[in-house]
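Asks: Predicted model and sequence follow; I will ask about them next.
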Amino acid sequence: MQKENRFKTFINRATGATASFFKKAFVAPSVTKKSPVGAFFGSHYTQFILLGMVFVVLQLMGNKEMLPVSLMRGFGGLMINTIVALGFFILLGFAGLASLGTAGFVGLGTYMTGYLLNQTSLPTLVVLLICILTAIVLGIVVGFISLRIEGMYLAIITLCLSEILVSLFVNLESITNGVNGLRVSPLPFLFDLEFAGFQFFELTRENMFMFIVVVFVVLLILTHNLTHSPTGRAMLAMKNSESAAQTMGVSVLRYRLLGFVLATVFAMIAGFLYEIYWRTTYPTSWGISYSLNILAVVVIGGTKNIWGLILGAFMIFGLNDIVLKFIPFFVENSGIIVLLNGALMILVVMFYPGGISQLIIELKYKILARKIKKGAKHNG
Amino acid sequence: MAKKSVNVLNKFVGKHETTALPEEVILSLDHLTMRFGGLVAVNDLSFNVKRGEIFGLIGPNGAGKTTVFNCITQFYKPTSGEVRYRGHDGVTFRLNDVKVHDIIKHGIMRTFQNVELVWELSVLDNLLVVGTRYFKSGLFAHFLHLPKLRKEEAKMRQKAEYILNYLGLSMYKDVSPYGLPYGIMKKIELARTLMSDPELIILDEPAAGLNDAETEELAKLIHRIRDDFHTTIFLVEHDMGLVMGICSTVCAISFGKLLGIGTPAEIQKNALVKEAYLGGD
C-alpha cells in the first residue's frame, strides 16, 4: 500500500499535480469580455488549425525544394510521435495510469498496416479501420488488467506485453520479415476503390505528409475537447482519489478502460501513419527506449496544456531531427542529444514539475494580472 | 408482463426489491455485521433512520463508525446483514447489491473524514464532477463538443453556481481548492453532495479540524440544508456539542455493538454510553 502511494505521488509529481503548482497556477481570473478577434484566435480550433496550416506551408515550400528533404522528414516524424504522446497524455495525465507498453502498440500498428497492404487488396482506409478496431480490443484487455494491478506493477506488465510483441516481430519471419524489417510496396492510394476503377491521392511522401497533418490536427482538437468535457473531469477525479470519484458516480472500470482504449487507438493510428510515411519498420525501433521517450514527452511537456505537450515532443523528438541535424558539432557527436534529454528531464522534474504547460499557464496569468493592473490604473 | 420487465430493469440498475420499509423510514440496517479476518468491526447492528431527520452516530475511537458508513455506501460489502433503503419512488431495495458508483444514483451522497477534493480542478469544476452522471450526451458529444453537451454543461454550471452562492462560496469558484482554509474545503464537500439532489447525505466527521465558530456555523448550515433541500442527514461526529445540539436521534456504538439509541437527552443519561466513554468503575 505504501509503495503504491509513493508511486502515485510520483505520477502526480511527474505530471505536475504538486503543491507548488496549485499555489501558482490558479488566480481567480477577472470577468473580462474578449473582443471578437481575441475570441477567434483564443479558440483552440483556430490555434490548432493554424498550426496545421504552418506545416502545410512548410511542405509546399519543401515541394519547391526551398527546404531540405530531411527537415520535412523531421516534421513528419515529429507529428507522428506527438500523436502517440497525445494518447499517453490522456492515459497518464488524466486517467493517472502508467504504461510502458506504448512502443509495442505503435509497432503492432506498423506491422499490421504493412502486412495488410502487402498481402491483401484492402483499401487503405479499411486498413486504418482494422488497426483502430484491433487497438480497441487490445485497450480493453490491458484496461481489464489495470483493474487488478496498479502503479508500477502495471507499468511492468505493459512493458512485458510490449516486449512480447517485439519478440513476435522478430520471430514471426513469415509475416514480419524478421530483423530485416517490413517494407510497404507498392505505394497505396488513400481512396482506393479498385473495383470501381477509382483511385486517387497516391500516398507519396509529400501527399502522406498532408494526410498526417490532417489526422494530427483532428486528434489535437478531439483530445482538447475530451479533456475539457465531463469525461476529462471524471478522469481527473479518478486520478486524484478513486474512492472519492466512486462516491461521485464515476465508474472506475469505465474510465480506466477508456483511458487505455484511447491510448492504444492513438498509438496504432500513429503506427499506421508511420508505416506509410517511412515505408518500412524494424523491430528494434519499438523497444523500451521509445516508450520512455514518450513518457519523457509527457513529463517535460506537462499535462495541463496541449501546447506544452507539443513543445515537449519537439524537445524530445524534434530538436534532433529538425535543428541539431544541421549543426556540424552535433552531427559529429550524435550521442549528445540523449545526454541533453536526460539532463532536461532531471531539471524539469526537480525544478518545474508542471513541465512546459505550467510555464505557459503561468505566463497567461502574468499577462492577465498585468492587464488587470493596467485596467485598475486606467480607472483610478 | 409489464411488471416483469420493470423488475428486470430494476435488477439491471441494482435494485432488488425486498420487504418494504414503513413510509417514514429511509434507511434501515438489519443485523449488519462486518468482519475483517478475526476482527469484528461491526457486530449485529440494527437501527432505522427516519426521513427528514438529522441522525447522529457516535462512539469512542475505533468503535466502527466509519465502517458502518462504508458498509452503507458499499465500499465494503457487509459480511452479513442487510442495508435496506426506501427511495423517493417508494420502492424498498437492498443496497448490498448496488455498486459503489451507483449509490449516488439513488440519492445517497457522502463526504469524507479527510477532505477528498480534486486539486487539479477549480471549485466549480469539482462540483461538476458530480454532475457527470446527469450528462445524457455520450462520449461522441464529448469528443466533438456538440451543442447538446454545451447546453447541458451550461445548465449544470448554473446549478453549481446556485449551490456555491447558497453556501456563500461563489468567490472561490475559479480557484483550485488547494490551500483554501479547512472550513471552506469542508463546505465545498458539502456543496458537492448537494449537486446530486441527495435524499440522504452522509457526513463523516463534518466538524473535524474546525474551530468553535466554524462548528457553530456548520450546525446552522446543516439545519438549513435539511430544511431547504428536504433531505435526511446522517452524520458521524466526535464533537458532542454539535451532535447533541442538532441531532434529533442519536445512536451510540462501541466496538461495533449498539449501546443505545434515542434522543440526545436519553443518550446522555444512558449508563452504557457513560461507561464506554469514561470507563467503568
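Replies: Received the coordinates, thanks.
Asks: list the buried ones in stretch B:103-119?
Replies: B:103-112, B:115-119 (16 or more other CB atoms under 10 Å in any protein chain shown). Every residue, glycine included, has its C-beta placed from N, CA and C.
Asks: could you pick out which of those residues are near chain A?
Replies: Filtering these for proximity to chain A by CB under 8 Å from any CB of the partner chain leaves B:Ile103, B:Ile104, B:Lys105, B:Met109, B:Arg110, B:Phe112, B:Glu116, B:Leu117, B:Val118, B:Trp119.
Asks: Now the last one: closest residue in space, sequence neighbours ignored.
Replies: Taking CB to CB, 6 or more residues apart in numbering or on different chains as the measure, B:Trp119 lies nearest to B:Tyr178, with 4.5 Å between them; neighbours along the chain are not counted.
Asks: The second one now?
Replies: Take B:Ile104 and drop its neighbours on the chain: the residue closest to it by CB to CB, 6+ apart is A:Gly249, 4.1 Å away.
Asks: Would you confirm that A:Phe89 contacts A:Val299?
Replies: No - proximity of A:Phe89 to A:Val299 does not meet the contact threshold set by CB atoms under 8 Å, at 10.8 Å.
Asks: Within range of chain A, give me the residues from the stretch 151-281 of chain B.
Replies: Contact residues (CB under 8 Å from any CB) of the stretch 151-281 of chain B with chain A: B:Glu153, B:Met171, B:Tyr172, B:Asp174, B:Val175, B:Ser176, B:Tyr178, B:Gly179, B:Arg192, B:Ser196.
Asks: let's see it at 6 Å
Replies: Proximity of the stretch 151-281 of chain B to chain A, by CB under 6 Å from any CB of the partner chain, involves residues B:Asp174, B:Val175, B:Ser176, B:Tyr178, B:Gly179.
Asks: Let's see which of those end up in helices.
Replies: Of those, none are assigned to helices by DSSP state H.
Asks: Around chain B, which positions in the stretch 51-200 of chain A sit nearby?
Replies: Residues of the stretch 51-200 of chain A lying near chain B (CB under 6 Å from any CB): none found.
Asks: show me where the stretch 51-200 of chain A has strands.
Replies: Under the criterion DSSP state E, counting those that start in this stretch, the stretch 51-200 of chain A contains strands at A:182-183, A:189-193, A:198-202.
Asks: do the stretch 151-281 of chain B as well
Replies: Counting by DSSP E, counting those that start in this stretch, the strands of the stretch 151-281 of chain B are B:200-204, B:232-236, B:249-254, B:257-262.
Asks: Which pLDDT value goes with A:Met248?
Replies: Per-residue pLDDT puts A:Met248 at 90.
Asks: who are the neighbours in contact with it?
Replies: B:Val129, B:Val130 (CB atoms under 6 Å, 6 or more residues apart in numbering or on different chains).
Asks: Quick check, pLDDT for the residue of the stretch 151-281 of chain B found nearest chain A.
Replies: Nearest residue of the stretch 151-281 of chain B to chain A: B:Tyr178, at 3.7 Å (CB to the nearest CB). B:Tyr178 is assigned a predicted lDDT (pLDDT) of 85.
Asks: any idea how far it is from B:Ile104?
Replies: According to CB to CB, to the nearest Å, B:Tyr178 stands 24 Å off from B:Ile104.
Asks: Next, the contact list for B:Pro264, please.
Replies: Per CB under 6 Å, 6+ apart, neighbours of B:Pro264: B:Met244, B:Val250.
Asks: Give me the subset of the buried residues of stretch B:103-119 lying in helices.
Replies: Among the buried residues of stretch B:103-119, no member lies in helices (by DSSP H).
Asks: Pull the most distant pair out of those residues.
Replies: The distance between the two most remote of the buried residues of stretch B:103-119 (CB to CB) is 28.5 Å, for B:His106 and B:Trp119.
Asks: Turn the strands of the stretch 151-281 of chain B into CSV, including mean pLDDT.
Replies: As requested, the strands of the stretch 151-281 of chain B are arranged in CSV below (pLDDT from 0 to 100):
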stretch, mean pLDDT
strand B:200-204, 92
strand B:232-236, 92
strand B:249-254, 91
strand B:257-262, 90
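Asks: Need these in CSV (columns: mean neighbour count).
Replies: Below are the strands of the stretch 151-281 of chain B laid out as CSV (neighbours: other CB atoms under 10 Å in any protein chain shown):
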stretch, mean neighbour count
strand B:200-204, 24
strand B:232-236, 23
strand B:249-254, 23
strand B:257-262, 18
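Asks: would a markdown table of these with distance to A:Leu67 be doable?
Replies: Formatted as a markdown table, the strands of the stretch 151-281 of chain B follow (distance: least, CB to CB, whole Å):
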| stretch | distance to A:Leu67 |
| --- | --- |
| strand B:200-204 | 63 |
| strand B:232-236 | 68 |
| strand B:249-254 | 76 |
| strand B:257-262 | 80 |
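Asks: circling back to that earlier point, between the ones next to chain A among the buried residues of stretch B:103-119, which is nearest A:Ser289?
Replies: Distances from A:Ser289 to those, taken by CB to CB, are shortest for B:Trp119, at 32.8 Å.
Asks: what pLDDT does that closest one get?
Replies: At B:Trp119, pLDDT is 87.
Asks: likewise B:Lys151?
Replies: In this model, B:Lys151 is scored at 90, pLDDT.
Asks: How many residues are close by B:Phe176?
Replies: Check again: residue B:176 is Ser, not Phe. Using other CB atoms under 10 Å in any protein chain shown, B:Ser176 has 22 neighbouring residues.
Asks: Quick check: it vs B:Leu121, distance?
Replies: Distance from B:Ser176 to B:Leu121, by CB to CB: 7 Å.
Asks: and what of B:Ala265?
Replies: Taking CB to CB, one finds B:Ala265 at 44 Å from B:Leu121.
Asks: Who has more neighbours out of the two?
Replies: Neighbours were counted for B:Ala265 and for B:Leu121 using other CB under 10 Å; B:Leu121 has more, 20 against 10.
Asks: so what's the more buried one up against?
Replies: By CB under 6 Å, 6+ apart, the neighbours of B:Leu121 are A:Leu236.
Asks: Spell out the secondary structure type for it.
Replies: Taking DSSP: H, G, I helix; E, B strand; the rest coil as the rule, one finds B:Leu121 in the coil state.
Asks: Over to A:Ile360?
Replies: Quick answer, by three-state DSSP: A:Ile360 is helix.
Asks: so it makes contact with A:Asn305?
Replies: Yes - between A:Ile360 and A:Asn305 a contact is recorded at 5.1 Å, counting by CB atoms under 6 Å.
Asks: excluding its backbone neighbours, what's nearest A:Thr231?
Replies: B:His142 (4.7 Å).
Asks: Where does the one you found fall, secondary structure wise?
Replies: Per DSSP states H and E: B:His142 is located in helix B:139-144.
Asks: Contacts only, for A:Leu116.
Replies: A:Leu122, A:Val127.
Asks: and A:Phe89 and A:Val299? which has more neighbours close in?
Replies: A:Phe89 (29 against 23).
Asks: what about that one, distance to chain B?
Replies: 14 Å (CB to the nearest CB, to the nearest Å).
Asks: Give me the pLDDT value at that residue.
Replies: So A:Phe89 comes in at 94 (pLDDT).
Asks: Was I right to think it contacts A:Leu309?
Replies: Yes - between A:Phe89 and A:Leu309 there is a contact under CB under 6 Å: 5.4 Å.
Asks: Which of the three states applies to the closest residue to A:Met315 other than its chain neighbours?
Replies: In space, and not counting its chain neighbours, A:Met315 is closest to A:Ile300: 6.0 Å by CB to CB, 6+ apart. Using three-state DSSP, the structure places A:Ile300 in helix.
Asks: Mean pLDDT per helix and strand in chain A: which one sits at the bottom?
Replies: Considering only helices and strands, the least confidently modelled element of chain A by mean pLDDT, DSSP states H and E is helix A:19-25, at a mean of 46.
Asks: pLDDT of the helix or strand just after it, averaged?
Replies: Going down the chain from helix A:19-25, the next helix or strand is helix A:36-42, by DSSP H and E. Average pLDDT, helix A:36-42: 78.
Asks: Stretch B:54-63 now?
Replies: 89.
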